[in-house]
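>>> below is the sequence, then the predicted model.
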Amino acid sequence: MMARQGLSVILLERETFPRDHVGESLLPASIPVLEELGVLPAVQQAGFLPKYGATMVWGRQNEPWSWYFRETNRQYPHSYQVWRPQFDQLLLDNGRVHGVDVREGHQVRAVEFCDDGPSRVHFRAGDGQEGVVHARFVVDASGSSTLLSSQLGLRCWDPFFQNLAVYGYFTEGKALPPPDQTNIFIESYAQGWLWSIPLHTGQTGVGAVVDSQAGQKVISGRGLERFFSEQINQAPHTSKLLRDAQLVSGPFVVKDWSYSSQPVVGDNYILVGDAACFVDPLFSSGVHLALMSGVLAAAYVTSALKDAALGQAAKTVYQDLYFREYSHFRELAKLFYSSNRTVDSYFWEARRLLGAEKDFSPRRAFIQAVAGQSARGYERAVLERGQLPADFISEIGEIQGERTRRSAEAAAALSGSGKAVPLIYQLVPVLSEGVGVERKPVLGEGEFRWGYVLTTPDGPEGTECSPLVAALISQMKEAATVESLLENLKRHFSGMTPEKLEKDLLTTISILYTDGAIDQLKGR
């Protein structure tokens, strides 16, 4: 994406592709990014299995249950189960097509930041030769190696997700019964949980997630392969699917994966994907966060190199947008772990949140998102199938009930006709405390641009809004009737017809009232 903007981009890749990599299960949110990159047709033609949802043994019951992307995402009802050596090769080749200077077998050793000029990126080539690349900007996409985060001391470990994973690939594994045969299958058991991902190669990727400290102790005593086999045997549904299967690759172990870096952007560097943070494999969020942050980072670098002032302002925006998505997955994973009541063991007790626990860092914002039926899908599943802390359920119910009530009130107040119409014009919308509009960088076509952002106490990072909404919020800071608001907006937006402007004004007021940005609709 940076190369398409006319920048000179060198990619130093440690491995020579194709290479092995775990993380095969994509989310629908990745599809529009692949489309924007121009690589979606190649992905569609690669033969990857479509992923329509997830089948799980989790929550209040011991039998498998399923949910589907189409329930909450009509535009993208499926994603893909990809074979990463092939999928990543497609992405790398797509970079070359768009003008990126790709250098495989080049391992970056360190980055030397210079105050008086470009940074120096030190690398070692496959033939052992040392070299240096001079760059105005460094994008760290080094994955879990976290090169810059480690070099600059930015990484913070997550105290909640202290897990490790052992995974491998099987042939001759059985599929779930239709219509779930291409779903990811997740099964909780006493010591943790297992994933099973069917692949178009005929293999099945299987991984066991267990407590890091306890798992390392057992592995050191029994060996990795025996440990992996014992975990699978504890899960009745997974072991049945793998009864006649043969392990053909692995097992491999991954540990110490839950972390974040602060900050993730500086004057001449930016962190993306796993180089910046990683939550947990439960929701297949790793590739999604990597692709999303890649889009944001490309826009940020492009903007920063064109306009220093815009770049400085966009730093905070990049970090806020990235961590809003990261935090959502983190809090959702915490909630999912705490909601599982299918088994009792040390692993699950250590990961269950007490009813009074308030450690959801963006708790209110997360609950608002869940109550609003987010399109990710997992939120709905955990609400329906999990056994949640009582106070969490109470807050969800309160917000959903409040939204329903306010939506009905807005409809009644703003949909009058005939003699009731003048009453609408005399209503005075009153903003809630802490609601405002800021002029901030917003994501445009391949770069950031100046725009307007609606901020609230529950969403301080803000949500992009139109100039009409920005003007409306600004005018509502003074007590003003709907009639006076409309007249003022007519002067600012003379290009809109009065009928269209009035319709947009009433719709906006209704939405803002339902969401709580408008506290009252006072009558005169």
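Perfect, I can see it now.
>>> please make it C-alpha for all contacts and neighbour counts, starting now.
Noted.
>>> correct me if wrong, but Arg226 is in a helix.
Yes - checked against DSSP: H, G, I helix; E, B strand; the rest coil, Arg226 lies within a helix.
>>> burial measure for it, as a count.
13 (other Cα atoms under 10 Å).
>>> can you give me the pLDDT of it?
At Arg226, the pLDDT value in this model is 95.
>>> any chance you could map the helices in the stretch 51-200 of the chain?
Ranges of helices within the stretch 51-200 of the chain are 84-97, 147-152, based on DSSP state H, counting those that start in this stretch.
>>> right, so of these, which gets closest to Pro429?
Pro429 lies closest to helix 147-152 among the helices of the stretch 51-200 of the chain, at 47.1 Å (Cα to Cα).
>>> for that closest one, what is the average pLDDT?
Mean predicted confidence for helix 147-152 is 94.
>>> need the helices of the stretch 51-200 of the chain in JSON lines (columns: distance to Gln44 and mean neighbour count).
Output for the helices of the stretch 51-200 of the chain, formatted as JSON lines (distance: least, Cα to Cα, whole Å; neighbours: other Cα atoms under 10 Å):
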{"stretch": "helix 84-97", "distance to Gln44": "11", "mean neighbour count": "16"}
{"stretch": "helix 147-152", "distance to Gln44": "33", "mean neighbour count": "17"}
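>>> among those, which is nearest His122?
For His122, the closest of the helices of the stretch 51-200 of the chain is helix 147-152, at 12.0 Å, according to Cα to Cα.
>>> what separates the closest one from the chain centre, distance-wise?
23 Å (Cα atoms, centre = their mean, to the nearest Å).
>>> which helices and strands does that helix pack with?
strand 107-112 (3 or more Cα pairs under 8 Å, 6 or more residues apart in numbering; DSSP states H and E).
>>> what residues of the strand it packs on count as buried?
Neighbour counts over strand 107-112 (16 or more other Cα atoms under 10 Å) mark 107-108, 111 as buried.
>>> quick one: residues contacting Gly446.
Gly446 is in contact with 1, 5, 295, 298-299, 302, counting by Cα atoms under 8 Å, 6 or more residues apart in numbering.
>>> three-state assignment of Gln312?
Under three-state DSSP, Gln312 falls in the helix class.
>>> wait, doesn't it sit right on Ala304?
Yes - assessed by Cα atoms under 8 Å, Gln312 is found in contact with Ala304 at 7.2 Å.
>>> compare the two (neighbour count), which wins?
Ala304 (22 against 16).
>>> please tell me how far the closest residue to the more buried one other than its chain neighbours sits from Met2.
Closest residue to Ala304 apart from its sequence neighbours, by Cα to Cα, 6 or more residues apart in numbering: Gly311 at 3.8 Å. Remark: distance between Gly311 and Met2 (Cα to Cα, to the nearest Å) = 15 Å.
>>> now do Thr507
38 Å.
>>> who has more neighbours out of these two?
Counting neighbours by other Cα under 10 Å for Thr507 and for Met2 shows that Met2 has the greater number, 22 against 16.
>>> can you tell me the helix or strand for the residue lying closest to that one once chain neighbours are set aside?
Using Cα to Cα, 6+ apart and skipping the chain neighbours, the partner closest in space to Met2 is Ala298 (5.3 Å). Using DSSP states H and E, the element containing Ala298 is helix 285-306.
>>> my guess is Gln5 meets Thr302, correct?
Yes - at 7.2 Å, Gln5 and Thr302 qualify as touching, with contact defined as Cα under 8 Å.
>>> which of these two has more neighbours?
A direct count of neighbours by other Cα under 10 Å for Gln5 and Thr302 places Thr302 higher, at 22 against 13.
>>> is it true that the more buried one touches Glu445?
No - judged on Cα under 8 Å, Thr302 makes no contact with Glu445 at a distance of 10.8 Å.
>>> could you pull up the contacting residues of the spatially most central residue of the chain?
When Cα atoms, centre = their mean is applied to the chain, the residue found nearest the centroid is Glu325 (4.3 Å). Taking Cα under 8 Å, 6+ apart, we find Glu325 in contact with Leu289.
>>> so that it lines up with my notes, have the first residue be 44 from now on.
Fine by me, first position is 44 from now on; the one you just mentioned is Glu368.
>>> and Leu497, helix, strand or coil?
Applying three-state DSSP: Leu497 is strand.
>>> which residues does the spatially closest residue to it that is not a sequence neighbour contact?
In this structure, Leu497 finds its nearest non-sequential neighbour in Val480, 4.6 Å apart by Cα to Cα, 6+ apart. Listed by Cα under 8 Å, 6+ apart, the contact set of Val480 reads 495-498, 513, 516-517.
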